[in-house]
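A.B. asks: okay, predicted coordinates and the sequence, questions at the end:
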Amino acid sequence: MLRPLRLLLSGLKTQPSRCCSSFVSRMRYVNRLKEDDEACAAALKDGSIFLFHRLSPLLRRPDARTFSPAAFTCSDVQLVLQRLGSDGSQLKEAVLIGCSEQNQAQFCLDVGELDQAAVEEASQGTFIDLRKAFFLLPAAEAPLVSKGQALLRWHQTSRFCGASGQPTQRNRAGSQRFCSSSSTVYYPKMSAVAVALVSDGSRCLLGRQPSFPRGLYSALAGFCDMGETLEEALCREVAEEVGLEIQSISYSSSQHWPFPHSSFMLGCHALVSPTHTQLSVDNSELEDARWFTMDEITRALQVKAPPRRGDPPIIWLPPKHALANRLIREWVEQQRQSEGGE
Ligand SMILES: NC(=O)C1=CN([C@@H]2O[C@H](COP(=O)(O)OP(=O)(O)OC[C@H]3O[C@@H](n4cnc5c(N)ncnc54)[C@H](O)[C@@H]3O)[C@@H](O)[C@H]2O)C=CC1
């Protein structure tokens, strides 16, 4: 059964009583910028811009251990572009990604047509592939670059109308594209993915695909089919992949996942009967799936980095930024609480 919405909202970090008005005004401001091209163009002049080069975000290292996405003012970016021989007109290609707590509109811009090393030198940062950058960034900043990259990618791959074949035009914020020939409005798309940490009450089930790095096990996941509910997708995926029937589902949380393209991950805990735990793994989907005890999971959570070549084989789990990691930690917490309550 899904948890009631009241409980979901109480899990959010914002505290409505204290910062409701500034949160509401920021959300309404961003919404207005999506609707109003002139207001958006004005906001860009005072906003902050995160640079990408062929979809890789520019990061800086404030100190030896920290990475951060570099935020530039509009005039900073103009200077960099001019220094590299560009007339600055590509600033119009910036896409709106949000608004900071300081009420500053935030944009992303891909400068992929400029020389990468020259931009890096002029901006004192490094473009890092998102697959690496996402995990180098603090948890609060990773979603910013993943959202930016997803939007930039969508624009780069949605230049033509599927109905008329004619070029589409974007609004200033980049929140939609329009085909004047077929009058079709296109919005950025995400694929819904259901991810479940399956438990039989005392153990949890993890699987691995052949493409995973050696020793990595994760929660079971699958794309939702058209017309399916989250619950139907979870029951189908678990039946298909490991041959089990889910008895109950409780919602945990969600996440935007940029790999390989934009997915909207919906994370749940799923329970199967402790008397029906025999696995029948579909090897066309999974290389392996197995039940893990609390001790095994606790040990795997302590592994801080993937094993290097030549290291003895060990089980390790998805990194902290992944929803699967959160589900595993929640399960450990639930187990501890129920052990403590016995
Ligand atoms: N953030 C997290 O904690 C986790 C994220 N994931 C992500 O969830 C996604 C789905 O996981 P898996 O099913 O294990 O991955 P998968 O990438 O192996 O996909 C399985 C199959 O789904 C089909 N497919 C691919 N893209 C699709 C789309 N956009 N819509 C519908 N069907 C599609 C293909 O036939 C593919 O072979 C992957 O992108 C994976 O990276 C998976 C587990 C945990």
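C.D. replies: Alright, I've got the coordinates. Residues are numbered from 1 along each chain as shown.

A.B. asks: any idea which helix or strand in this protein has the lowest mean pLDDT?
C.D. replies: Every helix and strand in the chain was compared by mean pLDDT, DSSP states H and E; the lowest is helix 5-10, with a mean of 46.

A.B. asks: right, and the helix or strand after that helix?
C.D. replies: Using DSSP states H and E, the helix or strand that follows helix 5-10 towards the C-terminus is helix 16-35.

A.B. asks: just the CA trace of that next one, in CSV.
C.D. replies: Only the C-alpha atoms of helix 16-35 are listed here, as CSV (Å, rounded to 0.1, in the frame of the first residue of the first chain):
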residue,chain,number,x,y,z
PRO,A,16,6.6,25.7,5.4
SER,A,17,5.9,27.7,8.5
ARG,A,18,9.2,29.6,8.3
CYS,A,19,10.2,29.9,4.6
CYS,A,20,6.9,29.4,2.9
SER,A,21,6.6,32.9,1.4
SER,A,22,10.1,33.0,-0.1
PHE,A,23,9.7,29.4,-1.4
VAL,A,24,6.3,30.3,-2.9
SER,A,25,7.6,33.5,-4.5
ARG,A,26,10.7,31.7,-6.0
MET,A,27,8.5,29.0,-7.5
ARG,A,28,6.1,31.6,-8.9
TYR,A,29,9.0,33.6,-10.3
VAL,A,30,10.4,30.6,-12.1
ASN,A,31,7.0,29.8,-13.5
ARG,A,32,6.6,33.4,-14.8
LEU,A,33,10.0,33.2,-16.5
LYS,A,34,8.8,30.1,-18.3
GLU,A,35,5.8,31.9,-19.6
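
A.B. asks: go through it and flag the buried ones.
C.D. replies: By 16 or more other Cβ atoms under 10 Å, the buried positions in helix 16-35 come out as 26, 30, 33-34. In short, each C-beta sits where N, CA and C put it, glycine included.

A.B. asks: could you list the domains of this protein?
C.D. replies: Following the TED database, one gets these domains for the chain: 22-156, 191-340.

A.B. asks: of these, which approaches the ligand most closely?
C.D. replies: The ligand lies closest, by Cβ to the nearest ligand atom, to one member of these: domain 191-340, at 3.3 Å.

A.B. asks: pLDDT score for the nearest residue in space to residue 103 that is not next to it in sequence?
C.D. replies: Closest residue in space to residue 103, ignoring its immediate chain neighbours: residue 26 at 6.4 Å, by Cβ to Cβ, 6 or more residues apart in numbering. Looking at residue 26, its pLDDT is 95.

A.B. asks: wait, residue 26 sits on residue 104?
C.D. replies: No: the pair residue 26 / residue 104 is not scored as a contact, 9.8 Å apart, by Cβ atoms under 8 Å.

A.B. asks: so residue 237 lies in a helix, does it not?
C.D. replies: Yes: the assignment for residue 237 (DSSP: H, G, I helix; E, B strand; the rest coil) places it in a helix.

A.B. asks: residues contacting it?
C.D. replies: Going by Cβ atoms under 8 Å, 6 or more residues apart in numbering, residue 237 touches 194, 196, 220-222.

A.B. asks: what about those residues, which are in strands?
C.D. replies: Counted as lying in strands by DSSP state E, out of the contacts of residue 237, are 194, 196, 220-222.

A.B. asks: same list (those residues) but as JSON lines, adding distance to residue 175, neighbour count and pLDDT.
C.D. replies: Listed next are the ones in strands among the contacts of residue 237 as JSON lines, based on distance: Cβ to Cβ, whole Å; neighbours: other Cβ atoms under 10 Å; pLDDT from 0 to 100:
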{"residue": "194", "distance to residue 175": "26", "neighbour count": "26", "pLDDT": "98"}
{"residue": "196", "distance to residue 175": "31", "neighbour count": "27", "pLDDT": "98"}
{"residue": "220", "distance to residue 175": "33", "neighbour count": "24", "pLDDT": "98"}
{"residue": "221", "distance to residue 175": "28", "neighbour count": "22", "pLDDT": "98"}
{"residue": "222", "distance to residue 175": "29", "neighbour count": "17", "pLDDT": "97"}
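
A.B. asks: restrict these to contacts with the ligand.
C.D. replies: 221-222 (Cβ under 6 Å from any ligand atom).
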